[in-house]
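Q: Sharing a model prediction with you, sequence too.
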Amino acid sequence: MPTATNSTHFTSTRDQVVNLLKELQDIFDKRSTLVFAFAAMNTDKGKSMFEEHHEVMMCLVVTIVVYSLLGIIGTMLKMHGTKFLPIITCAMLVVGSAVSVQALSFISSTIAWITLALWVGVFTLVAHDYGVPQRIKNWIKGLMRG
């Protein structure tokens, strides 16, 4: 016979899984909407963005897919609380910055460059919060000694 604590634990685990699946569905919905919005965009010449800039659009779609995959992995790792979550977070920042710069390059290259500079600043702050500079210093000191 299950006790009250076992059923509560089962319910909380079930709720965590349901919340995880809702987050994953939300990630998928947002990214697929973004991809389809760019695909449907028309240029001044009346062609779609895929016809006009096929290589750049394919790169953008692949980058959005990689970002979505990292978001899914990050959401799943958040539930388990692993030590790889900071790596996934930094990778998402890098890929997210690439997506935004690629998308903004269609509008204005100046805005894209400004956005890239802002993303580099954000990445630097996040890396500093995770203690990356100290780890790099320790790694270099280890190389010098050995």
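A: Cool, the structure landed.
Q: so what's Gln102 up against?
A: Val56, Cys59, Leu60, Thr63, Ala112 (Cβ atoms under 8 Å, 6 or more residues apart in numbering). (Glycine included, C-beta is placed from N, CA and C.)
Q: Filter those down to just the ones in helices.
A: Of these, the ones assigned to helices by DSSP state H are Val56, Cys59, Leu60, Thr63, Ala112.
Q: Next one: the spatially closest residue to His53 that is not a sequence neighbour from Ser100, what distance?
A: Distances taken as Cβ to Cβ, 6 or more residues apart in numbering place Phe106 nearest to His53, at 7.5 Å, with adjacent residues excluded. With distances taken as Cβ to Cβ, to the nearest Å, Phe106 is found 11 Å from Ser100.
Q: With Gln16 instead?
A: For Gln16, the distance to Ser100 - Cβ to Cβ - is 31 Å.
Q: Those two - which one has more neighbours?
A: Comparing Gln16 with Ser100 by other Cβ atoms under 10 Å, the one with more neighbours is Ser100, at 18 against 11.
Q: so the more buried one touches Leu118, yeah?
A: No: with contact defined as Cβ atoms under 8 Å, Ser100 does not reach Leu118; the gap is 9.2 Å.
Q: Export the contacts of Gln102 as a markdown table, with columns for neighbour count and distance to Pro86.
A: Formatted as a markdown table, the contacts of Gln102 follow (neighbours: other Cβ atoms under 10 Å; distance: Cβ to Cβ, whole Å):
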| residue | neighbour count | distance to Pro86 |
| --- | --- | --- |
| Val56 | 14 | 31 |
| Cys59 | 14 | 27 |
| Leu60 | 23 | 26 |
| Thr63 | 18 | 21 |
| Ala112 | 17 | 27 |
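Q: Out of those, the closest to Asn138 would be?
A: Thr63 (32.4 Å; Cβ to Cβ).
Q: Pull the contacting residues for the closest one.
A: Thr63 sits in contact with Val95, Ala98, Val99, Gln102, where contact means Cβ under 8 Å, 6+ apart.
Q: Mind checking which of those residues are in helices?
A: Val95, Ala98, Val99, Gln102.
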